[in-house]
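# sequence unavailable; structure follows:
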Ligand SMILES: Nc1ncnc2c1ncn2[C@@H]1O[C@H](COP(=O)(O)OP(=O)(O)O)[C@@H](O)[C@H]1O
Ligand SMILES: [Mg+2]
């Protein structure tokens, strides 16, 4: 099922800044898609428009088949869970558990206690339930904010720069968490490396759509990478280097899983070559005797 669809979506701020131009995109149930682009590309604006926080706009937005309009915005917002870039904009209750309960309570949903528990559990922060959100580390604040969204059980997660401001360990833990979550999500980020681990498909945005495809399609398009100033994941750089050293790489890996698969092939090939050299030698030696 199509859960999100925009047609020729355009938006300009009051001061005349055009943040989005003619953006047509879709997101299907179960998909994980990244919106990639540099600062100022319009990523946050897009998420705010999709979730009905900013209006009016040109073009159309449909959520689960319903057109987003002023009258339908409150209703539609229930299908979408928006994670703000800065968790301090999202957390404001005295304790984490009260914060996680806030959304479901406001929406008058059932089984608040169960929802809070599931939200805390799936983000791995049950032990922080009684803590003050503002005293948590940035990484744990992000988790608490995600727990609050999960507690509302939305159809789609809209995540704005989920990895920004995190130290390396918290970042990789969050990437693992998002990767393991069986949820439909749209992730706005300039962290190509994190996106490569999590998503199936990506849309490169720079006010308008620059390119759409798999992360591998995007990283192998040097013109696009240059235009939007995205940096190749370290793992891809390593394999480019291997390729130039004479170890042919069939498909440039962009994630750890792909790298492991590709490395196995490279090692196999090198092993076969070494064995065949060995066999030739033996054969040659036999000839001599
Ligand atoms: N409240 C605002 N008023 C005016 N211009 C804004 C406002 N918010 C963002 N912009 C501008 O809109 C463009 C897109 O911004 P944004 O959606 O925040 O991009 P991104 O999230 O990709 O960094 C930028 O040029 C930015 O300066
Ligand atoms: Mg932004």
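In hand now; what should we look at? Since we're looking at a predicted model, the values are computed, not measured. Ligands and ions are numbered 1, 2, ... in the order given.

# burial count for residue 97?
Using other C-beta atoms under 10 Å, residue 97 has 24 neighbouring residues. In short, each C-beta sits where N, CA and C put it, glycine included.

# which of the helices or strands spans it?
Residue 97 is part of helix 96-106 when elements are defined by DSSP states H and E.

# and residue 95, what are its phi and psi?
Main-chain torsions, residue 95, degrees, to the nearest 10: phi -130, psi 160.

# just say helix, strand or coil for residue 38.
coil (DSSP: H, G, I helix; E, B strand; the rest coil).

# quick one: pLDDT of the closest residue to it other than its chain neighbours?
Distances taken as C-beta to C-beta, 6 or more residues apart in numbering place residue 229 nearest to residue 38, at 4.9 Å, with adjacent residues excluded. Looking at residue 229, its pLDDT stands at 89.

# when you give positions from now on, start the count at 16
Let's use 16 as the start, then, which means that last one is residue 244.

# number of nearby residues for residue 134?
So residue 134, with other C-beta under 10 Å, has 28 neighbours.

# can you tell me if whichever strand or helix holds residue 200 touches ligand 2.
Per DSSP H and E, residue 200 falls inside strand 199-204. No: against ligand 2, strand 199-204 shows no contacts by C-beta under 5 Å from the ion, the least distance being 6.3 Å.

# helix or strand right after that strand?
The first helix or strand that comes after strand 199-204 along the chain, using DSSP H and E, is helix 207-213.

# distance between that following helix and the chain's centre?
Computed by C-alpha atoms, centre = their mean, to the nearest Å, the chain-centroid distance of helix 207-213 equals 7 Å.

# contact partners of that helix?
By C-beta atoms under 8 Å, 6 or more residues apart in numbering, the residues outside helix 207-213 that reach it are 47, 49, 51, 177-178, 186, 190, 193-194, 200, 202, 204, 217, 230, 233-234, 245-250, 269-271.

# okay, domains of the protein per the record?
In the domain annotation for the chain, the residue ranges read 17-245, 257-303 (automatic domain parsing).

# which of those domains sits most buried?
Ranked by mean neighbour count, those are led by domain 17-245 with a mean of 18 (mean count of other C-beta atoms under 10 Å).

# picking up where we left off before, in helices, which of the contacts of helix 207-213 appear?
Per DSSP state H, helices hold the following members of the contacts of helix 207-213: 186, 190, 193-194, 230, 233-234, 249-250, 271.

# can you tell me which of those is nearest ligand 1?
Nearest to ligand 1 out of the ones in helices among the contacts of helix 207-213 is residue 233 (C-beta to the nearest ligand atom; 16.2 Å).

# isn't that closest one up against residue 226?
Yes: Residue 233 is within contact range of residue 226, at 6.0 Å (criterion: C-beta atoms under 8 Å).

# mind listing what the residue in the stretch 16-165 of the chain that ligand 2 sits nearest to touches?
Distances between the stretch 16-165 of the chain and ligand 2 by C-beta to the ion are smallest at residue 59, namely 3.2 Å. By C-beta under 8 Å, 6+ apart, the contact list for residue 59 reads 100, 175-176, 203.

# and residue 91, by the same measure?
Contacts for residue 91 (C-beta under 8 Å, 6+ apart) come out as 67, 78-79, 81, 83.

# where does the prediction get shaky in the chain?
The chain contains residues with pLDDT under 70 at 294-304.

# all strands of this protein, in order?
Secondary structure of the chain (DSSP state E): strands at 17-27, 33-43, 47-51, 73-78, 81-82, 95-98, 171-175, 199-204, 216-221, 223-228.
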